[in-house]
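Enquirer: what's the 3D shape of this:
(one chain, ligands or ions: 1)
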Amino acid sequence: MTDTDLDAGAARARPPAADIRIAGCAAWLPPRAAVADAVAAGLCDQALAETTGMLSVAVVQDEPAPEMAARAARSALGRSGSADVSLILHASFFYQGHDLWAPASYVQRAAVGNQCPAMEVGQVSNGGMAALGLAVDHLRAGPPAGETGRRVLVTTGDAFRAPGFDRWRSDSGTFYGDGGTALVLSSTEGFARVRGLATVSAPELEGMHRGDDPFGSGPFSHRPVVDLDACKKDFLAGRRVTRVIATSAAAQDASVERALAEAGVALTDIDRFVLPHMGRKRLRAGFLTRFGIPEERTTWEWSRRVGHLGAGDQIAGFDRLVTSGGVGAGDLLLWMSVGAGFTYSCAVVEVLERPAWAGEAEPG
Ligand SMILES: CCC(=O)NCCNC(=O)CCNC(=O)[C@H](O)C(C)(C)COP(=O)(O)O
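Expert: Numbering: from 1, shown residues only. This next block holds a predicted model:
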């Protein structure tokens with residue numbers, strides 16, 4: 001794909017979002033493990049810890065990933081005032097607890113108990129935003145005859161457990177946390193609304209997360225622990241990293257431009273930024289410096305204590321801002337996301353009112 005194609009893609013801005021609302025949100029996060037303790041235990045390198053600026057990550061003991069998602073879903077549905085949904089989308093990207101099984105159906109049985117379609121969305125770290133995009137398109141299609149409106153439940157859930165994953169070293173520059181998140185979207189009512197949303201792909205970068213590995217015969221057939229640095233080293237060996245960064249930046253810029261255009265706002269109109277839970281070096285390189293975003297206008301002070309929740313960073317960050325009372329009526333939020341592939345999503349969310357349950361967040 002050439003930049004020209006990307007430009008053409010950027011030019012094909014979607015029609016303005018119908019009035020798609022956010023009716024509920026929640027996150028279920030386990031207790032935190034301090035980075036300093038991981039360094040002291042030799043699990044994490046001191047120098048890397050310093051460049052990331054991370055202070056802790058959420059580490060689950062026993063709960064499976066889909067159970068954390070179901071707990072968040074029950075909370076979000078309760079906050080939304082109804083368990084009525086016409087579609088369930090569950091996004092994740094690591095092991096969900098069984099080799100061949102339907103985690104979205106687990107979430108549906110455990111948290112909803114209805115018969116609507118329930119399916120999984122896989123777009124690695126962009127999975128939550130990809131599910132949001134599919135939900136918005138589903139809601140824009142309008143309710144079937146005789147119905148006044150529709151609602152969609154989006155959940156995410158990941159637990160980055162050993163031995164297959166090393167939350168400190170599998171993807172250096174990003175420390176991984178465990179947790180579940182949930183978002184309830186509605187075509188009729190809610191405390192916030194999606195003003196714009198865009199996703200742009202750069203498939204020429206997909207090799208970065210497989211490197212020179214041949215396709216395997218089963219999980220972990222090349223190495224016992226995920227090692228994204230090894231794949232990235234192979235991928236970059238045959239390429240100019242400046243070209244890789246330029247391709248990545250062009251697609252990310254297109255997603256931001258399209259979302260802002262759909263919302264009819266400028267970057268300078270944004271009040272708060274909900275960003276991926278990467279370490280500070282990556283956050284600066286990919287977001288803060290590139291887009292001139294002040295750190296204090298982001299969720300960093302909180303996300304540096306949570307870690308990268310797989311597909312759930314943006315929903316978790318939004319939930320944090322709402323439940324902590326950090327946002328109110330009229331605030332414009334920009335949700336920004338990137339996933340291996342690569343795919344880049346961006347959403348403009350306007351807070352219409354502070355919901356009655358806002359301010360429930362526990363400290364930290
Ligand atoms: C695998 C989980 C996932 O989907 N993560 C999101 C995609 N990964 C990233 O954005 C990682 C950070 N960025 C990159 O790797 C860039 O593309 C670079 C520019 C290739 C190298 O960045 P660095 O390793 O130096 O931080």
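
Enquirer: Pull the distance from stretch 196-207 to the chain's centre.
Expert: The chain centre lies 14 Å from the centre of stretch 196-207; the measure is CA atoms, centre = their mean, to the nearest Å.

Enquirer: Any regions of this protein where pLDDT drops low?
Expert: Of all residues in the chain, those with pLDDT under 70 make up the ranges 1-18, 360-364.

Enquirer: Swap in 80 and give it another go.
Expert: Regions of the chain meeting the criterion pLDDT under 80 cover residues 1-18, 144, 359-364.

Enquirer: who in it is up against the ligand?
Expert: By the rule CB under 6 Å from any ligand atom, the part of the chain lying against the ligand is 124-125, 171, 173, 209, 228, 244-245, 248, 282, 338-340. The C-beta positions use only the backbone N, C-alpha and C, and glycine is treated the same way.

Enquirer: rerun that using 5 Å as the cut-off
Expert: By CB under 5 Å from any ligand atom, the residues of the chain that approach the ligand are 124, 125, 173, 245, 282, 338, 339, 340.

Enquirer: Scan the residues you listed and report the most crowded one.
Expert: The most crowded member of these, judged by other CB atoms under 10 Å, is residue 125 (28 neighbours).

Enquirer: Without its sequence neighbours, what residue ends up closest to that one?
Expert: Closest residue to residue 125 apart from its sequence neighbours, by CB to CB, 6 or more residues apart in numbering: residue 339 at 4.3 Å.

Enquirer: What is the burial count for the nearest residue to residue 191 once chain neighbours are set aside?
Expert: Among residues not flanking residue 191 along the chain, residue 355 sits closest, at 4.4 Å (CB to CB, 6+ apart). Neighbour count for residue 355, taken as other CB under 10 Å: 21.

Enquirer: right, and residue 355 touches residue 325 too?
Expert: No - judged on CB atoms under 8 Å, residue 355 makes no contact with residue 325 at a distance of 10.3 Å.

Enquirer: Next, the spatially closest residue to residue 195 that is not a sequence neighbour: phi, psi?
Expert: Spatial nearest neighbour of residue 195, chain neighbours left out: residue 263 (3.7 Å); criterion: CB to CB, 6+ apart. Backbone torsions of residue 263, given as degrees, to the nearest 10, read phi -80, psi -20.

Enquirer: Now for residue 263: which residues touch it?
Expert: The contact partners of residue 263, taken as CB atoms under 8 Å, 6 or more residues apart in numbering, are 17, 195, 196, 332, 348, 350.

Enquirer: Can you add neighbour count and give the residues you listed back as CSV?
Expert: Shown next, in CSV, are those (neighbours: other CB atoms under 10 Å):
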residue, neighbour count
17, 20
195, 21
196, 24
332, 16
348, 25
350, 20
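
Enquirer: Could you identify the most distant pair in those residues?
Expert: Within these, 17 and 332 form the most distant pair, 13.8 Å apart (CB to CB).

Enquirer: Identify the contacts common to the two.
Expert: Residues touching both residue 17 and residue 332 (CB under 8 Å, 6+ apart) are 195, 263.

Enquirer: Show me where the stretch 51-200 of the chain has its helices.
Expert: Secondary structure of the stretch 51-200 of the chain (DSSP state H, counting those that start in this stretch): helices at 65-80, 103-107, 127-140.

Enquirer: tell me which residues in the last one are buried?
Expert: When you say that, I think you mean helix 127-140. Across helix 127-140, burial judged by 16 or more other CB atoms under 10 Å covers 127-136, 138-140.

Enquirer: For the nearest residue to residue 282 once chain neighbours are set aside, which residues are in contact?
Expert: Distances taken as CB to CB, 6+ apart place residue 173 nearest to residue 282, at 4.9 Å, with adjacent residues excluded. Residues near residue 173 by CB under 8 Å, 6+ apart: 48, 51, 52, 278, 279, 281, 282.

Enquirer: do that again at 10 Å, thanks
Expert: Going by CB atoms under 10 Å, 6 or more residues apart in numbering, residue 173 touches 48, 51-52, 228-229, 232, 278-283, 285, 308.

Enquirer: The stretch 201-350 of the chain: strands as residue ranges?
Expert: 272-274, 332-339, 343-351 (DSSP state E, counting those that start in this stretch).

Enquirer: How about the last one, which residues are buried there?
Expert: What it means is strand 343-351. Under the neighbour-count criterion of 16+ other CB under 10 Å, strand 343-351 has 343, 344, 345, 346, 347, 348, 349, 350, 351 buried.

Enquirer: Tell me what the second one is bridged to.
Expert: Listed beta-bridge partners, residue 344: residue 200, residue 338 (assigned using DSSP bridges).

Enquirer: got the contact list for it?
Expert: Contact partners of residue 344, counting by CB under 10 Å, 6+ apart, are 126, 129, 198-202, 248-256, 286, 336-338.

Enquirer: again, only using 6 Å
Expert: 200, 251, 252, 255, 338 (CB atoms under 6 Å, 6 or more residues apart in numbering).

Enquirer: Format the contacts of residue 263 as a markdown table; extra columns: distance to residue 180.
Expert: Listed next are the contacts of residue 263 as a markdown table, based on distance: CB to CB, whole Å:
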| residue | distance to residue 180 |
| --- | --- |
| 17 | 26 |
| 195 | 26 |
| 196 | 27 |
| 332 | 27 |
| 348 | 25 |
| 350 | 26 |
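
Enquirer: Looking at the stretch 201-350 of the chain, which residue is nearest the ligand?
Expert: Residue nearest to the ligand within the stretch 201-350 of the chain: residue 340 (3.6 Å; CB to the nearest ligand atom).

Enquirer: That residue touches residue 124, doesn't it?
Expert: Yes - counting by CB atoms under 6 Å, residue 124 is a contact partner of residue 340 at 4.0 Å.

Enquirer: Please tell me I have it right and residue 277 contacts residue 308.
Expert: Yes - using CB under 6 Å, residue 277 is in contact with residue 308, at 4.4 Å.
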